[in-house]
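[1] one predicted model, sequence on top.
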Amino acid sequence: MQIKHFLTAASAALMVATMATANADDGYDAPDSWPAPMQEHNMGMGLFDRLEYSVPDKGQDAVVWDFQGWYGGDVNRVYVKSEGENVQGDGEDAEFESLELLYSRLVADFWELQGGIGYQGGVFSDDHAERTYAVVGLQGVMPYGIETDVALQLSDDGDVAASFEGEYDLRLTQRLYLQPRTEIAVAASEVDEFGVGEGLNSVRVGLRLGYEVTRRIAPYVGAYWQKVYGDTADLSRASGDSTEDTGVVAGVKLMF
């Protein structure tokens, strides 16, 4: 009986303490001089989601990267994002498909609203056409863990374009995963120098099999299919490029 009374009293005391803590967290009973129970600390992270060597069935091999790094807290952050490639054997330097500096703010659970400026063109040379643009986007995680990045771009010449990227990690074991990935690009106007037509530009679907040596290092192999459509396909044919291709990739995912 004494044990029963002790457990009852302990349970009641725990409930009272929990309620008191809840009230303090809500700010009802905590004195004004008390500090906040949690303080936000700034931190940073860098991620090469893709750092790979691509071998297409048609065309030339390429080194491809997809990087993003950020610094800030849980709500406000500054991002640097970059995607690009270095086509092997074409005599030209690497090209930024996008290099962006963004301010990001958490607007809902798992969703960040982002805005800033971007650049497309050569990395260290003027081998490629260049342009700058303003960008606004939404980055987050959809239901079932689908990582999503949607962006709307307005160039310095008034050209409007949009892109969608989505990927999902299907865990086969604690370290082995299968990742389907989709990229879709559309544009509101034709820009010949960048090989972009009006309407649906391209669709790319890929699948990667990766193994996490650690949580920060994950080598992978994969394959992809891509196709360009409409006016963009016409521009590709005019320049002698194919409108549809498949290929294989090998690379590593790095987080630091």
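    Received, thanks. Just so it is clear, the model here is predicted, and its values are computed rather than measured.

[2] from residue 61, how far off is the residue most central in space within the chain?
    With distances taken as Cα atoms, centre = their mean, the residue of the chain nearest its centroid is residue 149 (5.6 Å). Distance, residue 149 to residue 61, by Cβ to Cβ, to the nearest Å: 26 Å. For every residue, glycine as well, the C-beta is placed using N, CA and C.

[3] how about the helices in the stretch 151-256 of the chain?
    Applying DSSP state H, counting those that start in this stretch to the stretch 151-256 of the chain gives helices spanning 230-238.

[4] which residues in it form strands?
    Using DSSP state E, counting those that start in this stretch, the strands of the stretch 151-256 of the chain run over 160-167, 170-171, 176-187, 199-211, 217-228, 244-255.

[5] next, count neighbours for the closest residue to residue 167 other than its chain neighbours.
    Ranked by Cβ to Cβ, 6 or more residues apart in numbering and with sequence neighbours excluded, the top spatial neighbour of residue 167 is residue 181, at 4.2 Å. Around residue 181 there are 19 other residues, counting by other Cβ atoms under 10 Å.

[6] again, but for the one 3 residues further on
    Counted with other Cβ under 10 Å, the neighbours of residue 184 add up to 16.

[7] quick one: residues contacting the nearest residue in space to residue 176 that is not next to it in sequence.
    Closest residue in space to residue 176, ignoring its immediate chain neighbours: residue 211 at 5.4 Å, by Cβ to Cβ, 6+ apart. Applying Cβ atoms under 8 Å, 6 or more residues apart in numbering to residue 211 gives the contacts 175-177, 218-220.

[8] okay, now the residue lying closest to residue 255 once chain neighbours are set aside: neighbour count?
    Nearest residue to residue 255 in three dimensions, chain neighbours excluded: residue 216, at 4.5 Å (Cβ to Cβ, 6+ apart). Residue 216 has 11 neighbours, counted by other Cβ under 10 Å.

[9] what's residue 216 in contact with, if anything?
    Residues in contact with residue 216 (Cβ under 8 Å, 6+ apart) are 254-256.

[10] on that earlier part again, model confidence score at the residue nearest to residue 176, please.
    Predicted confidence (pLDDT) for residue 211: 98.

[11] from the contacts of residue 211, pick the one nearest residue 194.
    residue 220 (29.3 Å; Cβ to Cβ).

[12] surely the closest one and residue 251 touch.
    Yes - under the criterion of Cβ atoms under 8 Å, residue 220 makes contact with residue 251 at 6.1 Å.

[13] more neighbours: which of the two?
    Using other Cβ under 10 Å, the more surrounded residue of residue 220 and residue 251 is residue 251, with 23 against 20.

[14] quick check: closest non-adjacent residue to that one.
    Spatial nearest neighbour of residue 251, chain neighbours left out: residue 52 (2.6 Å); criterion: Cβ to Cβ, 6+ apart.

[15] and that neighbour, what does it touch?
    Shown in contact with residue 52 (Cβ under 8 Å, 6+ apart): 63-65, 220, 222, 249-252.

[16] tell me which residues form a beta bridge with it?
    Per DSSP bridges, the residues bridged to residue 52 are residue 64, residue 251.
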